[in-house]
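Below are the sequence and a predicted model; questions follow.
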Number of protein chains: 2
Amino acid sequence: MASTFSISELAKQFSVTTRAIRFYEDKGLLNPTRNGRNRVYSKRDRTRLKLVLRGKRLGFTLDETREIIDLYDGQRSGEKRQLELMCEKITTSRKLLTQQLRDIQQSLTEMDRIEANCKKQLDQINSAT
Amino acid sequence: MASTFSISELAKQFSVTTRAIRFYEDKGLLNPTRNGRNRVYSKRDRTRLKLVLRGKRLGFTLDETREIIDLYDGQRSGEKRQLELMCEKITTSRKLLTQQLRDIQQSLTEMDRIEANCKKQLDQINSAT
DNA sequence: ATTTACCTTTACGTAAACGTCAATAGGGAG
DNA sequence: CTCCCTATTGACGTTTACGTAAAGGTAAAT
(Lines give C-alpha, C1' and ligand atoms only; values in the text may rest on other atoms or scores of the structure.)
Protein backbone atom coordinates (compact mmCIF):
# COMPACT_ATOMS: atom_id res chain seq x y z
CA MET A 1 0.00 0.00 0.00
CA ALA A 2 1.15 3.50 -0.85
CA SER A 3 2.29 5.80 1.92
CA THR A 4 0.38 8.83 0.69
CA PHE A 5 -2.99 9.21 -0.97
CA SER A 6 -4.96 11.73 -2.98
CA ILE A 7 -8.41 12.74 -1.88
CA SER A 8 -10.11 10.68 -4.52
CA GLU A 9 -8.06 7.62 -3.71
CA LEU A 10 -9.27 7.79 -0.16
CA ALA A 11 -12.79 8.51 -1.34
CA LYS A 12 -12.75 5.39 -3.45
CA GLN A 13 -11.16 3.23 -0.78
CA PHE A 14 -13.83 4.07 1.75
CA SER A 15 -16.76 4.75 -0.57
CA VAL A 16 -17.30 8.30 0.56
CA THR A 17 -17.41 11.47 -1.50
CA THR A 18 -14.52 13.90 -1.68
CA ARG A 19 -16.97 16.46 -0.41
CA ALA A 20 -17.38 14.50 2.79
CA ILE A 21 -13.63 14.21 3.27
CA ARG A 22 -13.16 17.96 2.85
CA PHE A 23 -16.01 18.50 5.24
CA TYR A 24 -14.28 16.41 7.88
CA GLU A 25 -11.24 18.60 7.41
CA ASP A 26 -13.31 21.73 7.89
CA LYS A 27 -14.51 20.25 11.14
CA GLY A 28 -10.99 19.60 12.28
CA LEU A 29 -11.03 15.83 12.01
CA LEU A 30 -8.35 15.62 9.39
CA ASN A 31 -5.59 17.88 8.29
CA PRO A 32 -3.61 16.59 5.39
CA THR A 33 -0.50 18.32 4.13
CA ARG A 34 -0.47 20.03 0.75
CA ASN A 35 1.36 19.64 -2.47
CA GLY A 36 0.71 23.11 -3.85
CA ARG A 37 -3.02 23.42 -3.33
CA ASN A 38 -3.68 19.72 -3.48
CA ARG A 39 -4.29 17.69 -0.38
CA VAL A 40 -1.91 14.86 0.45
CA TYR A 41 -3.01 12.26 2.96
CA SER A 42 -0.57 10.21 4.99
CA LYS A 43 -1.26 6.78 6.46
CA ARG A 44 -2.01 8.48 9.73
CA ASP A 45 -4.64 10.62 7.97
CA ARG A 46 -6.03 7.49 6.40
CA THR A 47 -6.35 5.89 9.80
CA ARG A 48 -8.10 8.94 11.18
CA LEU A 49 -10.56 8.81 8.32
CA LYS A 50 -11.21 5.17 9.05
CA LEU A 51 -11.94 6.08 12.65
CA VAL A 52 -14.27 8.87 11.58
CA LEU A 53 -16.29 6.40 9.56
CA ARG A 54 -16.35 3.93 12.39
CA GLY A 55 -17.65 6.69 14.63
CA LYS A 56 -20.35 7.43 12.12
CA ARG A 57 -21.43 3.83 11.99
CA LEU A 58 -21.74 3.94 15.75
CA GLY A 59 -23.99 6.99 15.58
CA PHE A 60 -21.56 9.51 17.04
CA THR A 61 -21.62 13.09 15.83
CA LEU A 62 -18.49 14.44 14.20
CA ASP A 63 -17.76 16.46 17.31
CA GLU A 64 -17.95 13.39 19.49
CA THR A 65 -15.92 11.44 17.03
CA ARG A 66 -13.22 14.08 17.05
CA GLU A 67 -12.95 13.89 20.80
CA ILE A 68 -12.64 10.14 20.68
CA ILE A 69 -10.11 10.17 17.90
CA ASP A 70 -8.05 12.71 19.75
CA LEU A 71 -7.94 10.19 22.55
CA TYR A 72 -6.56 7.48 20.33
CA ASP A 73 -4.27 9.69 18.47
CA GLY A 74 -3.53 12.08 21.25
CA GLN A 75 -0.41 14.16 21.32
CA ARG A 76 0.38 12.91 24.77
CA SER A 77 0.92 16.12 26.63
CA GLY A 78 2.03 13.89 29.47
CA GLU A 79 0.70 16.33 32.03
CA LYS A 80 -1.08 14.86 34.98
CA ARG A 81 -4.31 16.77 34.53
CA GLN A 82 -4.39 15.84 30.87
CA LEU A 83 -3.91 12.20 31.62
CA GLU A 84 -6.65 12.25 34.20
CA LEU A 85 -9.04 13.93 31.79
CA MET A 86 -8.27 11.30 29.23
CA CYS A 87 -9.07 8.54 31.69
CA GLU A 88 -12.39 10.17 32.47
CA LYS A 89 -13.30 10.48 28.83
CA ILE A 90 -12.45 6.88 28.26
CA THR A 91 -14.66 5.85 31.13
CA THR A 92 -17.57 7.85 29.74
CA SER A 93 -17.06 6.59 26.26
CA ARG A 94 -16.83 3.03 27.45
CA LYS A 95 -20.15 3.29 29.24
CA LEU A 96 -21.78 4.45 26.03
CA LEU A 97 -20.26 1.69 23.98
CA THR A 98 -21.18 -0.91 26.53
CA GLN A 99 -24.78 0.26 26.43
CA GLN A 100 -24.73 -0.01 22.67
CA LEU A 101 -23.33 -3.49 22.93
CA ARG A 102 -26.27 -4.49 25.09
CA ASP A 103 -28.70 -2.83 22.68
CA ILE A 104 -27.26 -4.71 19.77
CA GLN A 105 -27.24 -8.03 21.54
CA GLN A 106 -30.88 -7.61 22.49
CA SER A 107 -31.78 -6.63 18.96
CA LEU A 108 -29.99 -9.62 17.53
CA THR A 109 -31.70 -11.97 19.94
CA GLU A 110 -35.10 -10.61 19.08
CA MET A 111 -34.35 -10.82 15.39
CA ASP A 112 -33.40 -14.46 15.76
CA ARG A 113 -36.73 -15.14 17.37
CA ILE A 114 -38.68 -13.29 14.71
CA GLU A 115 -36.77 -14.94 11.92
CA ALA A 116 -37.37 -18.38 13.32
CA ASN A 117 -41.04 -17.64 13.57
CA CYS A 118 -41.05 -16.32 10.05
CA LYS A 119 -39.37 -19.37 8.63
CA LYS A 120 -41.69 -21.68 10.49
CA GLN A 121 -44.66 -20.01 8.88
CA LEU A 122 -43.03 -20.14 5.48
CA ASP A 123 -42.41 -23.85 5.93
CA GLN A 124 -46.04 -24.41 6.71
CA ILE A 125 -47.07 -22.53 3.61
CA ASN A 126 -44.64 -24.41 1.43
CA SER A 127 -45.49 -27.82 2.83
CA ALA A 128 -49.16 -27.13 2.13
CA THR A 129 -48.43 -27.26 -1.59
CA MET B 1 -46.83 -0.50 36.53
CA ALA B 2 -49.86 1.25 35.11
CA SER B 3 -51.38 -0.01 31.90
CA THR B 4 -51.75 3.41 30.30
CA PHE B 5 -49.60 6.53 30.42
CA SER B 6 -49.83 10.22 29.69
CA ILE B 7 -47.33 11.86 27.41
CA SER B 8 -45.48 13.50 30.27
CA GLU B 9 -45.29 10.25 32.21
CA LEU B 10 -43.56 8.62 29.29
CA ALA B 11 -41.37 11.65 28.80
CA LYS B 12 -40.22 11.43 32.38
CA GLN B 13 -39.72 7.68 32.33
CA PHE B 14 -37.44 7.85 29.32
CA SER B 15 -35.97 11.31 29.80
CA VAL B 16 -37.17 12.67 26.51
CA THR B 17 -39.26 15.75 25.81
CA THR B 18 -42.94 15.61 25.00
CA ARG B 19 -42.05 17.39 21.81
CA ALA B 20 -39.94 14.45 20.78
CA ILE B 21 -42.70 11.98 21.53
CA ARG B 22 -45.18 13.93 19.45
CA PHE B 23 -42.62 14.14 16.72
CA TYR B 24 -42.31 10.36 16.66
CA GLU B 25 -46.05 10.20 16.29
CA ASP B 26 -45.95 12.61 13.35
CA LYS B 27 -43.45 10.31 11.75
CA GLY B 28 -45.70 7.32 12.22
CA LEU B 29 -43.68 5.56 14.91
CA LEU B 30 -46.35 5.80 17.57
CA ASN B 31 -50.05 6.22 17.51
CA PRO B 32 -51.64 6.45 20.88
CA THR B 33 -55.39 6.54 21.38
CA ARG B 34 -57.09 9.67 22.62
CA ASN B 35 -59.08 10.64 25.63
CA GLY B 36 -60.70 13.73 24.18
CA ARG B 37 -57.72 15.53 22.70
CA ASN B 38 -55.25 14.02 25.10
CA ARG B 39 -52.98 11.23 24.08
CA VAL B 40 -53.21 7.94 25.94
CA TYR B 41 -50.32 5.50 25.61
CA SER B 42 -50.75 1.78 26.09
CA LYS B 43 -48.02 -0.61 27.18
CA ARG B 44 -47.57 -1.51 23.54
CA ASP B 45 -46.99 2.17 22.76
CA ARG B 46 -44.53 2.34 25.60
CA THR B 47 -42.63 -0.61 24.19
CA ARG B 48 -42.54 0.98 20.77
CA LEU B 49 -41.12 4.15 22.30
CA LYS B 50 -38.48 2.11 24.06
CA LEU B 51 -37.54 0.54 20.73
CA VAL B 52 -37.38 3.96 19.09
CA LEU B 53 -34.89 5.10 21.68
CA ARG B 54 -32.85 1.97 21.31
CA GLY B 55 -32.77 2.59 17.59
CA LYS B 56 -31.55 6.10 18.23
CA ARG B 57 -28.76 4.89 20.45
CA LEU B 58 -27.72 2.62 17.64
CA GLY B 59 -27.60 5.50 15.21
CA PHE B 60 -30.58 4.50 13.08
CA THR B 61 -32.74 7.17 11.51
CA LEU B 62 -36.37 7.29 12.52
CA ASP B 63 -37.34 5.84 9.17
CA GLU B 64 -35.02 2.91 9.63
CA THR B 65 -36.20 2.48 13.17
CA ARG B 66 -39.80 2.39 12.03
CA GLU B 67 -39.05 -0.37 9.59
CA ILE B 68 -37.31 -2.38 12.25
CA ILE B 69 -40.04 -1.85 14.80
CA ASP B 70 -42.63 -2.89 12.30
CA LEU B 71 -40.69 -6.12 12.05
CA TYR B 72 -40.85 -6.77 15.76
CA ASP B 73 -44.35 -5.61 16.16
CA GLY B 74 -45.60 -6.66 12.79
CA GLN B 75 -49.22 -7.33 12.13
CA ARG B 76 -48.34 -10.70 10.71
CA SER B 77 -50.07 -10.60 7.40
CA GLY B 78 -49.04 -14.20 7.08
CA GLU B 79 -48.73 -13.87 3.36
CA LYS B 80 -45.80 -15.63 1.80
CA ARG B 81 -44.36 -12.56 0.08
CA GLN B 82 -44.63 -10.59 3.30
CA LEU B 83 -42.83 -13.25 5.26
CA GLU B 84 -40.06 -13.42 2.71
CA LEU B 85 -39.62 -9.67 2.76
CA MET B 86 -39.39 -9.76 6.50
CA CYS B 87 -36.66 -12.38 6.36
CA GLU B 88 -34.71 -10.25 3.91
CA LYS B 89 -34.99 -7.19 6.09
CA ILE B 90 -33.82 -9.15 9.07
CA THR B 91 -30.81 -10.37 7.16
CA THR B 92 -29.90 -6.83 6.14
CA SER B 93 -30.41 -5.45 9.58
CA ARG B 94 -28.37 -8.21 11.12
CA LYS B 95 -25.43 -7.45 8.87
CA LEU B 96 -25.49 -3.84 10.02
CA LEU B 97 -25.70 -4.75 13.67
CA THR B 98 -22.93 -7.28 13.33
CA GLN B 99 -20.71 -4.64 11.78
CA GLN B 100 -21.49 -2.33 14.67
CA LEU B 101 -20.65 -5.07 17.10
CA ARG B 102 -17.22 -5.40 15.52
CA ASP B 103 -16.77 -1.63 15.58
CA ILE B 104 -17.58 -1.48 19.25
CA GLN B 105 -15.36 -4.36 20.16
CA GLN B 106 -12.44 -2.79 18.36
CA SER B 107 -13.09 0.53 20.02
CA LEU B 108 -13.25 -1.05 23.44
CA THR B 109 -10.02 -2.91 22.86
CA GLU B 110 -8.23 0.23 21.79
CA MET B 111 -9.58 2.13 24.74
CA ASP B 112 -8.31 -0.50 27.09
CA ARG B 113 -4.85 -0.10 25.61
CA ILE B 114 -4.93 3.67 25.86
CA GLU B 115 -6.25 3.61 29.38
CA ALA B 116 -3.56 1.22 30.52
CA ASN B 117 -0.94 3.47 29.00
CA CYS B 118 -2.52 6.49 30.63
CA LYS B 119 -2.55 4.89 34.05
CA LYS B 120 1.01 3.75 33.71
CA GLN B 121 2.12 7.31 33.05
CA LEU B 122 0.06 8.57 35.96
CA ASP B 123 1.69 6.01 38.22
CA GLN B 124 5.10 7.22 37.18
CA ILE B 125 4.16 10.80 37.92
CA ASN B 126 2.71 9.91 41.29
CA SER B 127 5.57 7.71 42.33
CA ALA B 128 7.98 10.53 41.50
CA THR B 129 6.57 12.51 44.43
C1' DA C 1 -4.35 23.80 -28.45
C1' DT C 2 -8.01 21.35 -26.62
C1' DT C 3 -10.09 17.79 -24.33
C1' DT C 4 -10.13 14.95 -20.24
C1' DA C 5 -9.59 14.13 -15.65
C1' DC C 6 -8.73 15.62 -11.30
C1' DC C 7 -8.33 19.12 -7.91
C1' DT C 8 -9.59 23.66 -5.59
C1' DT C 9 -12.67 27.25 -2.90
C1' DT C 10 -17.06 29.57 -2.11
C1' DA C 11 -21.66 29.49 -1.41
C1' DC C 12 -26.21 28.14 -1.22
C1' DG C 13 -29.52 24.10 -0.52
C1' DT C 14 -31.49 20.34 2.16
C1' DA C 15 -33.21 16.43 5.15
C1' DA C 16 -33.47 14.88 9.85
C1' DA C 17 -34.61 15.61 14.47
C1' DC C 18 -35.91 18.09 17.28
C1' DG C 19 -36.27 23.10 20.25
C1' DT C 20 -38.93 26.99 21.05
C1' DC C 21 -42.40 30.00 21.08
C1' DA C 22 -47.50 31.35 20.56
C1' DA C 23 -52.18 30.79 21.08
C1' DT C 24 -55.61 27.93 22.95
C1' DA C 25 -58.32 24.49 25.69
C1' DG C 26 -59.64 21.73 29.88
C1' DG C 27 -59.58 20.57 34.58
C1' DG C 28 -58.64 21.12 39.74
C1' DA C 29 -57.48 24.16 43.89
C1' DG C 30 -58.64 27.98 46.43
C1' DC D 1 -64.74 32.54 39.09
C1' DT D 2 -59.90 32.94 38.67
C1' DC D 3 -55.47 31.05 38.86
C1' DC D 4 -52.46 27.42 37.66
C1' DC D 5 -50.98 23.33 35.51
C1' DT D 6 -50.78 20.37 31.85
C1' DA D 7 -51.90 19.35 27.02
C1' DT D 8 -52.59 20.46 22.10
C1' DT D 9 -51.73 22.29 17.42
C1' DG D 10 -49.04 25.21 14.40
C1' DA D 11 -45.31 27.59 12.87
C1' DC D 12 -40.78 28.96 12.70
C1' DG D 13 -35.79 28.30 14.24
C1' DT D 14 -31.60 25.40 14.66
C1' DT D 15 -27.91 22.02 14.22
C1' DT D 16 -25.67 18.30 11.76
C1' DA D 17 -23.82 16.40 7.75
C1' DC D 18 -23.30 16.68 3.87
C1' DG D 19 -25.13 17.59 -1.68
C1' DT D 20 -24.71 20.46 -5.48
C1' DA D 21 -23.68 24.03 -8.52
C1' DA D 22 -20.46 27.86 -9.84
C1' DA D 23 -16.10 29.16 -11.34
C1' DG D 24 -12.13 28.01 -12.00
C1' DG D 25 -6.39 25.84 -11.56
C1' DT D 26 -3.19 22.00 -13.21
C1' DA D 27 -1.41 18.39 -15.72
C1' DA D 28 -1.38 14.60 -18.91
C1' DA D 29 -3.13 12.91 -23.30
C1' DT D 30 -4.67 13.49 -28.03
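Right, received. Where do you want to start? Numbering: from 1, shown residues only, chains lettered A, B, ... in the order given.

so does the lengthiest helix in chain A get close to DNA strand D?
What stands out as the longest helix in chain A, according to DSSP state H, is helix A:80-127. No. Counting by C-beta under 7 Å from any atom of the strand, DNA strand D is not contacted by helix A:80-127; separation bottoms out at 14.8 Å. For the C-beta atoms, the positions are set from N, CA and C on the backbone; glycine is no exception.

Please name every helix or strand in contact with that helix.
Other helices and strands packing on helix A:80-127, by 3 or more C-beta pairs under 8 Å, 6 or more residues apart in numbering or on different chains; DSSP states H and E, are helix A:62-72, helix B:43-57, helix B:62-72, helix B:80-127.

Helix B:80-127 and the first one, what's the angle between them?
Going by axes from the mean of the first three to the mean of the last three C-alpha atoms, to 10 degrees, helix A:62-72 is angled at 50 degrees with respect to helix B:80-127.

ok, residues contacting helix A:62-72?
Helix A:62-72 has contacts (C-beta atoms under 8 Å, 6 or more residues apart in numbering or on different chains) with A:24, A:27-29, A:48, A:51-52, A:55-56, A:60, A:86, A:89-90, A:93, B:107, B:110-111, B:114.

switch to 7 Å and redo it
Helix A:62-72 has contacts (C-beta atoms under 7 Å, 6 or more residues apart in numbering or on different chains) with A:24, A:27-29, A:48, A:51-52, A:55, A:60, A:86, A:89-90, A:93, B:110, B:114.

Apart from its neighbours in sequence, what residue is nearest the residue nearest the centre of chain A?
By C-alpha atoms, centre = their mean, the mean C-alpha position of chain A lies nearest to A:Arg54, the distance being 1.2 Å. Nearest non-adjacent residue to A:Arg54, counting by C-beta to C-beta, 6 or more residues apart in numbering or on different chains: B:Asp103, 5.0 Å away.

need the contact list for the one you found.
Counting by C-beta under 7 Å, 6+ apart, B:Asp103 has contacts A:Arg54, A:Arg57, A:Leu58.

What parts of chain A come near DNA strand C?
Residues of chain A lying near DNA strand C by C-beta under 7 Å from any atom of the strand: A:Ser6, A:Ile7, A:Ser8, A:Glu9, A:Ala11, A:Thr18, A:Arg22, A:Arg37, A:Asn38, A:Arg39.

what do you get if the cut-off is 10 Å, keeping everything else the same?
A:5-12, A:18-19, A:21-23, A:25-26, A:32, A:34-41 (C-beta under 10 Å from any atom of the strand).

This completes my enquiry, with thanks.
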